[in-house]
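Q: Fold the following, please.
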Amino acid sequence: MLTVLNRVYAAGAVLAALCMILIALLTLVQIIGRLLGMLIIDAGEFAGFAMAGSIFFALAHTLRTGGHIRVNLLITRFREPVRRLIEIWCLGLAIVLSGMFAIFSVRMVIDSYTFNDISTGMMPVPLWIPQSTMAAGAILFLIALIHEFVLVLRGEQAGYMTGESSEEFTE
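A: The predicted structure is shown next:
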């Protein structure tokens, strides 16, 4: 099961990387177009859509590999089991907040689809399409948080601690 989840997180990172490549290509096309005196319609808007995708698709993988910034000033002052309880509380709060965001994102996609919301650029794009990347990334992040929560509850080391100093968490 863990291997499957890790592959899903890695797939999210690959999608984020593809979105970043798309941003670079759109920017390059705009630059070349300007040099040639051509207007590239809505390249900036599509780059913005890709930027949202790159951010949200990368969240879960970044969490699992310890890439998110964590402020450990308070938690490192405590010894086990208090440190573990604080970690569980923090993960629980993150699950609640991320769950609310994931629900909001999915509802926004459904509303955009239902009401046929269209982007305001020269090329009309149904907004549910780029919004789906945010919703999918938010759901994937929620799954990763739940995964970390279960690991910490079982007494195992959370995946995000691999990017931190091991001596802070071993006593």
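Q: pLDDT weak spots in this structure?
A: Where the chain drops to pLDDT under 70, the residues are 1-2, 71, 163-171.
Q: Just give me the residue right at the centre of it.
A: Centroid-nearest residue in the chain, with C-alpha atoms, centre = their mean: Leu59, separated by 2.5 Å.
Q: Could you say which helix or strand holds that residue?
A: helix 43-64 (DSSP states H and E).
Q: Buried residues in that helix, which are they?
A: For helix 43-64, the neighbour count (16 or more other C-beta atoms under 10 Å) marks 43, 45-51, 53-64 as buried. For glycine as for every other residue, the C-beta is placed from the backbone atoms N, C-alpha and C.
Q: State the next helix or strand along the chain beyond it.
A: Counting by DSSP H and E, the next helix or strand C-terminal to helix 43-64 is helix 82-114.
Q: now the angle from the helix or strand following that following helix to helix 43-64?
A: Using DSSP H and E, the helix or strand that follows helix 82-114 towards the C-terminus is helix 128-153. Computed by axes from the mean of the first three to the mean of the last three C-alpha atoms, to 10 degrees, the angle separating helix 128-153 from helix 43-64 equals 10 degrees.
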